[in-house]
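> Kindly generate the corresponding structure for this input.
(chains A and B)
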Amino acid sequence: MIFGIGIDIVEHQRIARLWNDHHTRFSEDILTEEEQQVFTSLFADCSEKQPVNPKLIFFLATKFSAKEAVIKSLQWPGVQPFAWTDIGITERQNHWSVHLKNNVYQRAAHLKIKKIYGTSARSNLVTQSIAIGEIS
Amino acid sequence: MSSLPSRDEIFIALKDMVIEALRIKPEDVKPESRFFIDLNAESIDILDIRFRIQQKYKFEIEHEDIIKYIGMDITAEQFKERFTVESLVIYIEFRLTGQANAK
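Numbering: from 1, shown residues only, chains lettered A, B, ... in the order given. This is a model prediction of the structure:
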């Protein structure tokens, strides 16, 4: 049974601006250690002087919008502190699975959510993610 | 020994950061401006502003720090009302004062 659904859309242009202005401060803030390893292995040669790699932007856009969607699917009644690194997104063929920590994990456990999963779709301009939290 | 910036100086600096991050007009940014309500900011914009604050003032801000400072266990609507430019100015001042006292 579905507990909650979260949806988020992020503009690639906005992600690109964040990357151009803040580079690894941005990626390190939102990516888990595992995601960082994947990110580094894919984009290690992307230096500040090169034009931005579109695939780098798509990677960050997917992670960011997916994590936003996960938070929304948990339907917190108020405002609760969390870190982007409390949510790990592992991309599969046509969907992604989620690994949670700290406050986000505790929220899901409190709701007896068994599984959170989702998918992302990309156009030229935006990435849209949807997350579904199931309690059984 | 460098002195701490005044609250007005912090507001001016933060205003520039907000204008840059949100790409809005200077006259739109007032101390009482609510980020999510008046300035139409989204979470990604707050991320950008947070990075700019860190870069300028040389202290780290975790994502949850601002939430904890503005108020926890309040409704989303209450948070949006309280999270103003002035509240962020005061937070920066608080952090700078703490940083100075720690030295």
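
> Please tell me how far the spatially closest residue to A:Ser120 that is not a sequence neighbour sits from chain B.
Counting by Cβ to Cβ, 6 or more residues apart in numbering or on different chains, the nearest residue to A:Ser120 once its immediate chain neighbours are dropped is A:Ser129, at 4.3 Å. In this view, the C-beta of every residue, glycine as well, is placed from N, C-alpha and C. A:Ser129 sits 13 Å away from chain B, going by Cβ to the nearest Cβ, to the nearest Å.

> helix, strand or coil for A:Ser129?
Three-state call for A:Ser129 (DSSP: H, G, I helix; E, B strand; the rest coil): strand.

> Can you read off the pLDDT for it?
A:Ser129 carries a pLDDT value of 97.

> That one and A:Ala69 touch, don't they?
Yes - using Cβ atoms under 8 Å, A:Ser129 is in contact with A:Ala69, at 4.3 Å.

> Tell me how many other residues crowd the residue nearest to A:Ser120.
A:Ser129: 27 surrounding residues under other Cβ atoms under 10 Å in any protein chain shown.

> next one: the one 5 residues further on
Burial of A:Glu134 is recorded as 15 neighbouring residues (other Cβ under 10 Å).

> wait, isn't it in contact with A:Phe3?
Yes - contact criterion Cβ under 8 Å: A:Glu134 and A:Phe3 qualify, at 6.6 Å.

> Next, show the common contact partners of these two.
A:Ile113 (Cβ atoms under 8 Å, 6 or more residues apart in numbering or on different chains).

> Looking at the chain, which helix is longest?
Picking chain A for this. Scanning chain A for the helix with the most residues, using DSSP state H, yields helix A:54-73.

> let's do chain B instead
Using DSSP H, we find that the single longest helix of chain B is helix B:85-102.

> Is that one positioned near chain A?
No - applying Cβ under 8 Å from any Cβ of the partner chain, one finds helix B:85-102 separated from chain A by no less than 13.3 Å.

> Just the C-alphas of that helix, formatted as PDB.
Taking Å, rounded to 0.1, in the frame of the first residue of the first chain, the C-alpha atoms of helix B:85-102 are listed here in PDB:
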ATOM      1  CA  VAL B  85      16.300  37.800   5.000                       C
ATOM      2  CA  GLU B  86      16.700  39.400   8.400                       C
ATOM      3  CA  SER B  87      16.500  36.000  10.100                       C
ATOM      4  CA  LEU B  88      19.400  34.900   8.000                       C
ATOM      5  CA  VAL B  89      21.300  38.100   8.700                       C
ATOM      6  CA  ILE B  90      20.900  37.500  12.400                       C
ATOM      7  CA  TYR B  91      22.100  33.900  12.000                       C
ATOM      8  CA  ILE B  92      25.200  35.000  10.200                       C
ATOM      9  CA  GLU B  93      25.900  37.500  12.900                       C
ATOM     10  CA  PHE B  94      25.400  34.800  15.500                       C
ATOM     11  CA  ARG B  95      27.900  32.500  13.800                       C
ATOM     12  CA  LEU B  96      30.500  35.300  13.300                       C
ATOM     13  CA  THR B  97      30.200  36.200  16.900                       C
ATOM     14  CA  GLY B  98      30.700  32.600  18.000                       C
ATOM     15  CA  GLN B  99      33.600  32.300  15.600                       C
ATOM     16  CA  ALA B 100      35.300  35.400  17.000                       C
ATOM     17  CA  ASN B 101      34.700  34.300  20.600                       C
ATOM     18  CA  ALA B 102      36.300  31.000  19.900                       C
END
